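1. generate coordinates for the sequence data below:
(one chain, ligands or ions: 2)
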Amino acid sequence: MRADLIASEFSLPGQPVAVRPFGAGNINDTYLAIFRDGRNEQPAIIQKIRRKIFPEPAIIMHNLRELSEHLQKSLSANAAQADRAWKFPEIIKTKKGADFIAEPEGDIWRALTFIPGAQTYESVQSLAHAFEVGLVLGHFHRTVEPLPTTQFKLALPGFHQAPQYWANFEAVLQQPSAQAMLKILPSAQIAKEFIVARKGSLLALSDALAKGKLKLSISHGDPKAGNVMIDNETGRGVGLIDLDTVQPGLREHDFGDAARSLCNPAGEDPANLGDVGLDLELLKAFIDGYKIEVSQMQNRGSENFYYEAILGMTLELGLRFLTDHLAGDRYFKVRKPGQNLYRAQAQFRLAETIEKQEKEIRELVRTI
Ligand code: GN1
Ligand code: MG
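-> Ligands and ions are numbered 1, 2, ... in the order given. As a prediction, the model looks like this:
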């Protein structure tokens, strides 16, 4: 089904007059649709969710409803003290009153409200931007803190579970096609050796969780720089989008994921691998924003795993890209062959710069 044909199935005024691709997601397809009737115009987000990756769409929508209800209540209760209007995407039902439309082949379509007057940035714009991303993530963590993890189901089983990613990697290495690729591609072989030498760092957070040093809470799952909405007029953060992976997880995963994406201005598909690196000034600004919010939280844990989180999430994403390359690009969409290997190399290069700056990074995260 095409986005422009499905758009009119949702409960929006008038007709969809324009539907165009929107954003830069690696998995789902996102569109911006403009609806008009004789007097009104309303934009909306239309998305196709890949069933192969999110096996149970009903769980995503369940989680989204639970989150939405909590955010509405909490944001309204605290509105008088807030220094901005916090926003988040909400479900738009179909004309038949359903949360989504399932295609016969399994993929699903859903519509969400569009947040006006704000935009996301795939790469960091300034120190002020880094500060705002930190503040938005901290505000999200503080706002969802009262939610019991049992209220949410796992929309994406295995997500951010490093031991599972490691097992997938080992399984792919057994495949003859992967072995052939490693033989002819020295860069793939180097990447493989890089991650094999860092298995301990990759598993640091899951080990800490297993030992009871970390606690599960509701986490966003994908708070990369490109998922933070920034107000066009004030430059201040208005909230997080891409809420499909909000489920029980570790706040440290979110912190590490945001830091690795935001503090590497070269991004995940850099022009040159040599441009990749973690910038300490950006990290400091991000932490300054994050701290303001989390310092007001109840449960902050006694031990601080934020360095391990930044390194671990960078290694994890690199491993996921590498595994997908060796498996034939089944998970992350690619625009050209070899792109997932290149993305893995970029994350591994970033990991090297994180390791080199370990002392400075530990000093910065100690203040959280
Ligand atoms: C994927 O689809 P997108 O771009 O929102 C991935 C994240 C990665 C990210 C890297 C569900 O997110 O975990 O960090 O790519 N999402 C899922 O850009 O796997
Ligand atoms: Mg995402």
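2. up against ligand 1, what does this protein have?
-> Within the chain, the positions adjacent to ligand 1 are 25-27, 156, 222, 224, 242, 245, 268, 317 by C-beta under 6 Å from any ligand atom. From N, CA and C alone the C-beta is placed, and that goes for glycine too.
3. separate out the buried members of these.
-> 25, 156, 222, 224, 242, 245, 268, 317 (16 or more other C-beta atoms under 10 Å).
4. isn't the last one up against residue 260?
-> Yes. With contacts defined as C-beta atoms under 8 Å, residue 317 counts as touching residue 260 at a distance of 7.2 Å.
5. okay, and the common contacts of those two?
-> Common contacts of residue 317 and residue 260 (C-beta atoms under 8 Å, 6 or more residues apart in numbering): residue 347.
6. just the helices in this protein please.
-> Assigned by DSSP state H, the chain shows helices spanning 3-6, 57-77, 127-144, 162-173, 176-184, 186-196, 199-202, 204-210, 251-262, 280-294, 306-327, 339-356, 358-365.
7. pLDDT score for residue 302?
-> The per-residue pLDDT reported for residue 302 equals 66.
8. so residue 156 sits against residue 246, correct?
-> No. At 10.2 Å, residue 156 does not count as touching residue 246 under the criterion of C-beta under 8 Å.
9. what sits against the residue in the stretch 51-200 of the chain that ligand 2 sits nearest to?
-> Nearest residue of the stretch 51-200 of the chain to ligand 2, counting by C-beta to the ion: residue 156, 9.8 Å away. Contact analysis of residue 156 by C-beta under 8 Å, 6+ apart lists 53-54, 221, 244-245, 247.
10. repeat for residue 360
-> Counting by C-beta under 8 Å, 6+ apart, residue 360 makes contact with residue 280.
11. then residue 333?
-> 26-27.
12. only the buried residues of stretch 13-25, if you could.
-> Using 16+ other C-beta under 10 Å as the test for burial, stretch 13-25 gives 16, 19, 22-23, 25.
13. distance to residue 229 and pLDDT for these - can I get that in CSV?
-> Below are the buried residues of stretch 13-25 laid out as CSV (distance: C-beta to C-beta, whole Å; pLDDT from 0 to 100):
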residue, distance to residue 229, pLDDT
16, 23, 95
19, 21, 96
22, 13, 95
23, 11, 89
25, 15, 90
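14. between the residues you listed, which is nearest residue 36?
-> Using C-beta to C-beta, residue 16 is the member of the buried residues of stretch 13-25 that lies nearest residue 36, at 8.4 Å.
15. what about the closest residue to that closest one other than its chain neighbours, distance to residue 333?
-> Nearest residue to residue 16 in three dimensions, chain neighbours excluded: residue 7, at 3.8 Å (C-beta to C-beta, 6 or more residues apart in numbering). For residue 7, the distance to residue 333 equals 22 Å [C-beta to C-beta, to the nearest Å].
16. what's the answer for residue 186, then?
-> In this view, residue 186 and residue 333 are 26 Å apart by C-beta to C-beta.
17. shaky segments in this structure?
-> 302 (pLDDT under 70).
18. any idea how it splits into domains?
-> What automatic domain parsing lists as the domains of the chain is 3-115, 127-365.
19. farthest from the middle of this protein: give me that residue.
-> Here the chain reaches farthest from its C-alpha mean at residue 38, the gap being 38.1 Å by C-alpha atoms, centre = their mean.
20. give me every residue that touches the nearest residue to that residue once chain neighbours are set aside.
-> Spatially, and ignoring its direct neighbours in sequence, residue 38 is nearest to residue 14 (7.4 Å; C-beta to C-beta, 6+ apart). Contacts for residue 14 were tallied using C-beta under 8 Å, 6+ apart; they are 35-38, 40.
21. swap the cut-off to 7 Å and go again
-> 35-37, 40 (C-beta atoms under 7 Å, 6 or more residues apart in numbering).
22. return the distance of the residue nearest the centre of the chain relative to residue 300.
-> In the chain, the centroid-proximal residue (C-alpha atoms, centre = their mean) is residue 222; its distance is 1.5 Å. From residue 222 across to residue 300, the span is 22 Å (C-beta to C-beta).
23. look up how far residue 75 lies from residue 218.
-> Counting by C-beta to C-beta, the gap from residue 218 to residue 75 is 16 Å.
24. which of these two has more neighbours?
-> Using other C-beta atoms under 10 Å, the more surrounded residue of residue 218 and residue 75 is residue 218, with 25 against 17.
25. thinking that one is in contact with residue 152, fair?
-> Yes. Here residue 218 reaches residue 152: they are 6.1 Å apart, a contact under C-beta atoms under 7 Å.
26. which residues are in contact with each of those two?
-> Joint contacts of residue 218 and residue 152 (C-beta under 7 Å, 6+ apart) are residue 248.
27. rewinding a little: burial count for the residue nearest to residue 16?
-> Neighbour tally, residue 7, other C-beta under 10 Å: 22.
28. now residue 110
-> Neighbours of residue 110 under the rule other C-beta under 10 Å: 25.
29. OK, contacts around it?
-> When contacts are counted by C-beta under 7 Å, 6+ apart, residue 110 is found next to 47, 49, 91, 99-100.
30. just residue 163 next, same as before
-> Residue 163 makes contact with 203, 206, according to C-beta under 7 Å, 6+ apart.
31. what about it, distance to residue 6?
-> With C-beta to C-beta as the criterion, residue 163 and residue 6 are 38 Å apart.
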